[in-house]
Structures are given as C-alpha cells and as structure tokens.
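Novice: Predicted model and sequence follow; I will ask about them next.
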Protein chains: 2
Amino acid sequence: MGRWEPNTRERLAKAALELYSERGYEQATVAEIAGRAGLTERTYFRHYADKREVLFDGSPVLQKLFVDAVEGMPAGAAPIDAVAAGLDAVSAMFADRRAFARQRQAVIVANAELQERELIKLASLAAAVAGALRSRGVAEPAASLTAEAGIAVFKVGFERWIAAGEERPMELLMRQSLDELKAVTAGA
Amino acid sequence: MGRWEPNTRERLAKAALELYSERGYEQATVAEIAGRAGLTERTYFRHYADKREVLFDGSPVLQKLFVDAVEGMPAGAAPIDAVAAGLDAVSAMFADRRAFARQRQAVIVANAELQERELIKLASLAAAVAGALRSRGVAEPAASLTAEAGIAVFKVGFERWIAAGEERPMELLMRQSLDELKAVTAGA
C-alpha cells in the first residue's frame, strides 16, 4: 500500500458500515474495519477519531449545504421558502445514497449511543438553520420555529425515503412532507 | 430519621439541583445529595438509579399529561388542536416551577451527557404524541409531522418561558409560539 490512497475516507466508511451491519456496532473493531478496507489502523485514525465518527462523516457537509441554501435565497423570500431550499439542497446530496442510508439507519437504531449522536446532529442542524435565518433578518422566535419545522420535515421525509420499498426521490418526499406540515398547522 | 419520609423524592431532587448548581454536575456525589436532604445514600438509590435520573424525574409525568390531553380531545378535533391541548396541559404542570426550571436548564446546558438525555426525552415525547394522534385516526406522515411541530413549539416556548426576566405564563408563551409556527408555515 503506497502513500497515495484514493478515496480512503469513503473506503473506510464503507468497510465500517458493512462490519457494523454484519457483526453489530459494539463488536466490530477499528483493526477489522481498516483490514477490510485494505488499510492500516493508523490510517483509520488519521481520518476518524473513533468508531462512531465514521458514521457521521456526512454531518458537516449536510449542515453546510442546508445553511448555504438558506443564506443563498433572495432577500425577500419567506423563511419557510428558505428552509424549503435547504431541504432541496440536502435531497440532492442524498440522491444516490439510499442503500447506504438504509444500512446506516439500521445500525443507528440498534444502538442507544448512536441514536443520541444522531439526535445531537439534528439539534445542531436546527440551531445552524435558525442562525442562518436570523442572519437573513428573521426575528426570534420565528427563526427557531421555522428551523425546527424544517428539521421536523427533514426527519419525517428522511424516514419515508428510506422506508422498505420506497422508490420515490427524496426531494419529492421532502416537498410532500413540507406541504403536509403546512396543511396540519393550518388545521387540516 | 424514621421510616416515614415525607416528600423524599422532592427533597432529593431539590438537594441534587442545588448541589449541581453550586459545584457542577460532575463534582457532586450521591452521598452529598443525600446528606443535604437529610437522608441516606441507600434512600437515594431507592428512588433514583443514578445522579442523572434525579434531573429527569418529571419526564414520564410530562409525557403522560401531554398524551392524555391529546387523547382526551373530542373525536372531530383537528390534530394541531389536540397538540395545542397537550401544550396547555404541560403548561399547567410547570406553572409554579419557573425558578426550578431555570436552575435545571443551567445545569443541563453545562453538560453534554445531560443535553443528550434531554434530546432523548424530547424525541420520546414526540414519538408518544405521534402515537396518540395515530390512535385518534390521524394517518402518517401527518401524525408524526403534527407531533414534531408540537415538540418544536414546546422547545421554543419553554426557552422563552425560562429566559431571564420573562414573567408571562408558560401557557401564553406556548400559544404565541404555536400561532407563530402557524404563521411561518403559512409563509409569513
């Protein structure tokens, strides 16, 4: 193995998820993950701090995409439309990753510690989106409420997207979920 | 100290919160908590499993109040109105506990483990409220979306209620937050 390691992070993430799925998150070791990826344990720790981080590699990317989309909307756009743009942006990121997302979700729901980390990820995302809305001049509590509504749509839309047999694109399911949220808050 | 210990749980919870506030959650010991409450460590462990549980004593009560209120609404009520009834019910529970809630929140935000537990509490509450809505015949994803919207209002309304200098009742702040959520999802 040379010093040049193409797609090292991706190979490690793929190997980790496979092992966690096959043997359980608790049982798999970093040595096994690195071995399956044809890399060393030392290389693993150059990329990820621990066994858990490899499952949350996409979180900063997800958050940046969402926030950038919110901030990039025209000045006059309604806050909920800025959040809708964020949902579109993250849907594009997930587009070809449904199989990966399903496998990852199965690992997460089987482990309390991973579920906690996932909840923290969503809470950080909500806080970041609220911050982006405030930077657009949206006052509180509207900014936090709109952000929380957006994360609620993301959670529910994501669960629908990874449901067994579901084949419709995430973007469509997110938009449907947002429309449904609008309908229920309007008293439908 | 006799076998009859009036308000034991409350005394322990009060002593724990005082110690966590004064010395930090990590530093305080169960022996100190029990001592301050004039009770034994053994008594503490008859009531709470660990140092953390004493801060989440109210969670099952909160969840039951919310769910019972949702389930108790007339059959024809809109899902969002059932959630509004839940918010009213929990507001009544908190009415005279603002000082306690402020002190508790300061302890929670200072500790990552406690923040995780708080997020899990809110996620469980959302799941329970969604279940109560489904039992009223609300289909998915409307049930989950309405429940998540309700928890978003609870989170934001609660933060407003415990903000420094805030004196308005929780019920009012929850209703205002719900109205604000309706306004933002309607594109205001």
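Specialist: In hand now; what should we look at?

Novice: Can you name the residues of chain A sitting close to chain B?
Specialist: Residues of chain A lying close to chain B by CB under 8 Å from any CB of the partner chain are A:78-81, A:115-116, A:119-120, A:123, A:141-142, A:144-146, A:148-149, A:151-153, A:155-157, A:159-160, A:177, A:180-188. Using the backbone N, CA and C atoms, a C-beta is placed for each residue, glycine as well.

Novice: List buried members of these by neighbour count.
Specialist: A:78-81, A:115-116, A:119-120, A:123, A:141-142, A:144-146, A:148-149, A:151-153, A:155-157, A:159-160, A:177, A:180-185 (16 or more other CB atoms under 10 Å in any protein chain shown).

Novice: now, which of the residues you listed lie within helices?
Specialist: Of those, the ones assigned to helices by DSSP state H are A:79-81, A:115-116, A:119-120, A:123, A:142, A:144-146, A:148-149, A:151-153, A:155-157, A:159-160, A:177, A:180-185.

Novice: Would you confirm that A:E140 contacts A:R134?
Specialist: Yes: A:E140 is within contact range of A:R134, at 7.1 Å (criterion: CB atoms under 8 Å).

Novice: what about the nearest residue to A:Y25 once chain neighbours are set aside, distance to A:E32?
Specialist: Closest residue to A:Y25 apart from its sequence neighbours, by CB to CB, 6 or more residues apart in numbering or on different chains: A:N111 at 4.9 Å. From A:N111 across to A:E32, the span is 17 Å (CB to CB, to the nearest Å).

Novice: got it, and A:E10?
Specialist: Relative to A:E32, and taking CB to CB, A:E10 is found at 18 Å.

Novice: Settle it for me: which of the two has more neighbours?
Specialist: More crowded of A:E10 and A:E32, by other CB atoms under 10 Å in any protein chain shown: A:E32, with 15 against 11.

Novice: List the contacts of that one.
Specialist: The contact partners of A:E32, taken as CB atoms under 8 Å, 6 or more residues apart in numbering or on different chains, are A:L19.

Novice: do A:M93 as well
Specialist: A:M93 touches A:G58, A:V61, A:L62, A:L65, counting by CB under 8 Å, 6+ apart.

Novice: Mind giving me the PyMOL select for those residues, buried ones only?
Specialist: Of those, the buried ones go into a single PyMOL selection, burial set by 16+ other CB under 10 Å:
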select buried, chain A and resi 58+62+65
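
Novice: just the contacts of A:M93 now: which is nearest chain B?
Specialist: Checking the contacts of A:M93 against chain B by CB to the nearest CB gives A:L62 as the nearest, at 17.5 Å.
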